[in-house]
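Student: pasting the structure only:
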DNA sequence: CATGAATGAGTATTCATTCAT
DNA sequence: TATGAATGAATACTCATTCAT
């Protein structure tokens, strides 16, 4: 009787897919405006103009709904960011594109971004969480680490631990998002983007020492 | 009769102070292990091996308890960090001391640090919160901004927006904390500390241009 | 989603209306038998054979439930009493109809009457009550005062303060109700009604002095 | 160990009696100002400047405390009223003295009077109440009934059911008290007293018929 | 597919009472 | 005697979930 108990093989009908999308969208709005803790199924249903039962009908439970929201937003942000990053040939360009793209996403899709952060914070220590847990963060970090390893191999970047820098980049972007969530439009995201880019360019740029070590003589660089 | 109805001037007895401290400690442990949302009075009482009523007896309500936890940890972290920061004469030294001190606190008092972060995240969207709200973050940021303004005035730091850099520093430290909370002892905090220090030294260090601009005739800009 | 969040315009379904009526009825019974203070949602739910949540589902809160009980009973008693009162052309007849009607209501709907009194008593000192407060008594008093003013203008009634007499009438009726609530069927309400009517007829009847003052010569009245 | 478990034979010491009196007085004040339902042991102890335990030490429980308050106030009111009533030789005078004395008590000892009313209302349907119940009202009614029987025997009063009239007198006095409790000093108690006296004089006064019936030939009844 | 209704475990808080000191 | 501390049951209310229609 429950139509979608997680792992069904039958494809979803068009209407069903539409309902799910609508519910996911309303969930994003509710989470962004009220916070994760206040996002009850009742408030989501009310905003969607449907009854609570509908949500239970289309999702196995609140956990699946939240996971779906998470996946949905992550897919969207990946679509926005990854392409422009990959378009850059060099690591420094990729890093810049990643930061600018991420903050642009915050600017253009504030609700989705805030919802993502709320979910991640709200679920981090949720005991016995199976659908979503802290490790969900990993793919994003791995993507950044790859950029850093490339840049270090190419001599563009100085010596640093790729993972530590990856964590730092993500943290700074999340910090910008928190500022935006807290203070709203008063936060100048264009400035935040420029500053973050400058910060990490300075932080990653190869020094003469790095150049020497990695390439050979290389005298008189940037004299 | 609840002994502390908000504004009493009578000093607390030794026993009462001990109970309060015990409850605060258990609250920290519960928040650190289960998360802010799951930290119910019932779970705290259970961990403390007391009845729920005891908490209500010693604290005016959950709000006061949480505020007490927050104040308690903040006082502790300030005691650890501020002194060493102020001992540094120059801005660069202060920044290094701030980062090292903060990560050292994470290493030495992981639970307290995680609890602090959880409270802050949990309260961010908690509507109608009076004891504690998002602006509580501000003093910490202001402290960092003062360091950056000093460093820029002295020509130690390059040109950047002090607030943006302050948010970045705090975010990176919080990021290290989240890594620690997620992966436990597997995270090498000593390395994280070194990397963060190096990151922000590189990110803030004055370039020749800055030096020129702030000190000398400023000929031949970025030739 | 609670179906009635205070101000909805949608009409209530038949089933919902029935449930609400059932809960209101059980609340009346509980209040009448145990008293206002003991009328907890738990006891009401138990008597109704439902879970506590059902009450919360159909009513915004205990306040709304109590207000509904109050309104419901007040409407009923007004329907029984007011029509017969208005049917009387003269003030003396109205007063008699009011007293007889009120005590007849006690006889026929003892539980409702007791519940009304309990609510009124229970709410009198209930601080910060918004849905219902002590002034709710006023309309009933005003209604009686109007009768007395009419009777005095027509010379049917002697000189007295209308408000004081109104308070007295209500008090005596409430006193009869309390006797009934305390001693049950042992109280002869028919006798109580006759006695109350006789009491207030004697207490309000115009004396020769009043007649003289209000009309002029008026000799030989009821000689 | 509990010093006064209701039925101890040892006399109370002076200090103990003083403590009890103090607690009783504070209870009266709290009940009068906050209402019976809000009169918790905590609030009473706070007002008395003692700890909750003291109350439990001196009284077997809250029930005994309330009963003590009741008895205490009843004794006081009886002392004020009964003497002046008994001083009157004729029934009409006694009735007048009773009403005037009772309302004077309300005027002079508003708190005690309100507390009495609150207790009586609050306890009326208190399940399994042993220390105090509705029958406590009886002695007061019996006292009034005796006056009415005397007055009827003497031909001062008309024919009516003594009990009904007794209930009416008590109800009207309680009504005045409720007005006072609700509207405070805005209620003119002197006027209320005059009106109540006039009301019951008119309501009880023997008519010619009564006189005839009880004394003379009784011709021409209500022609 | 959708709904309204119902459930039951969960939340913080209050309070009379007990008891060791 | 008196106190502060602790208890445990009770309070109203919330919410994810289930289910018959």
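Tutor: Nice, thanks for sending it over. This is a predicted model, so every value here is computed, not measured.
Student: packing partners of the helix or strand where residue A:200 lies?
Tutor: Secondary structure from DSSP states H and E places residue A:200 in helix A:189-204. If you count contacts as 3 or more Cβ pairs under 8 Å, 6 or more residues apart in numbering or on different chains; DSSP states H and E, helix A:189-204 packs onto helix A:91-108, helix A:162-183, helix B:162-183, helix B:189-204. C-beta here means a position set from N, CA and C on the backbone, and glycine is covered the same way.
Student: need the mean per-residue confidence for it.
Tutor: Taken as a whole, helix A:189-204 carries a mean pLDDT of 98.
Student: and stretch A:70-87, by the same measure?
Tutor: For stretch A:70-87, the mean confidence score works out to 94.
Student: for that stretch, buried residues please.
Tutor: A:70, A:72-73, A:77, A:81, A:84-85 (16 or more other Cβ atoms under 10 Å in any protein chain shown).
Student: chain C versus residue A:13, what's the distance?
Tutor: 25 Å (Cβ to the nearest Cβ, to the nearest Å).
Student: regarding that residue, what are the backbone dihedral angles?
Tutor: Residue A:13 adopts backbone torsions of phi -70, psi 170, taken as degrees, to the nearest 10.
Student: quick one: it from residue C:38, how far?
Tutor: Note on residue A:13: its distance to residue C:38, by Cβ to Cβ, to the nearest Å, is 54 Å.
Student: compare the two (neighbour count), which wins?
Tutor: Neighbours around residue A:13 and residue C:38, counted as other Cβ atoms under 10 Å in any protein chain shown, are more numerous at residue C:38. The numbers are 14 against 10.
Student: now do the SS call for the more buried one.
Tutor: Secondary structure assignment for residue C:38 (DSSP: H, G, I helix; E, B strand; the rest coil): coil.
Student: ok but residue A:89 is inside a strand, no?
Tutor: No. Per three-state DSSP, residue A:89 lies outside any strand segment and is coil.
Student: where does it fall, phi/psi-wise?
Tutor: Residue torsions, per degrees, to the nearest 10, at residue A:89 are phi -80, psi -40.
Student: number of nearby residues for it?
Tutor: Look at residue A:89: counted by other Cβ under 10 Å, it has 8 neighbours.
Student: one step back: out of the buried residues of stretch A:70-87, which two sit at the greatest distance?
Tutor: For these, with distances taken as Cβ to Cβ, the pair at the greatest spread is A:70 and A:84 (22.4 Å).
Student: picking that back up, what's the closest of the helices and strands packed on helix A:189-204 to residue C:187?
Tutor: Nearest to residue C:187, of all the helices and strands packed on helix A:189-204, is helix A:162-183, at 67.0 Å by Cβ to Cβ.
Student: does any part of the closest one sit near chain B?
Tutor: Yes. Helix A:162-183 lies within reach of chain B by Cβ under 8 Å from any Cβ of the partner chain, at A:164-165, A:167-168, A:170-172, A:174-176, A:178-179, A:181-182.
Student: what pLDDT is listed against residue A:184?
Tutor: Note for residue A:184: predicted pLDDT of 86.
Student: so how many other residues sit close to it?
Tutor: That count, for residue A:184 with other Cβ under 10 Å as the rule, works out to 9.
Student: next up, the contacts around it.
Tutor: With contact taken as Cβ atoms under 8 Å, 6 or more residues apart in numbering or on different chains, residue A:184 is in contact with no other residue.
Student: same thing but at 10 Å, please
Tutor: Going by Cβ atoms under 10 Å, 6 or more residues apart in numbering or on different chains, residue A:184 touches residue A:110.
Student: contacting residues for the closest residue in space to residue A:33 that isn't next to it in sequence?
Tutor: Excluding its sequence neighbours, the residue lying closest to residue A:33 (Cβ to Cβ, 6 or more residues apart in numbering or on different chains) is residue A:111, at 7.8 Å. Residue A:111 is in contact with A:25, A:28-33, A:73, A:181, counting by Cβ under 10 Å, 6+ apart.
Student: one more: residue A:137?
Tutor: Counting by Cβ under 10 Å, 6+ apart, residue A:137 makes contact with A:120, A:124, A:167, A:170, B:178-179, B:182.
Student: swap in 6 Å and give it another go.
Tutor: Applying Cβ atoms under 6 Å, 6 or more residues apart in numbering or on different chains to residue A:137 gives no contacts.
Student: and stretch A:18-29, how far out from the chain middle?
Tutor: Centroid separation for stretch A:18-29 versus its chain: 19 Å, with Cα atoms, centre = their mean, to the nearest Å.
Student: which non-adjacent residue is nearest residue A:84?
Tutor: With Cβ to Cβ, 6+ apart as the criterion, residue A:84 has its nearest non-adjacent residue at 4.8 Å, and that residue is residue A:97.
Student: run a quick neighbour tally on that neighbour.
Tutor: By the measure other Cβ under 10 Å, the count of residues near residue A:97 is 21.
Student: now do residue A:116
Tutor: Neighbour count for residue A:116, taken as other Cβ under 10 Å: 25.
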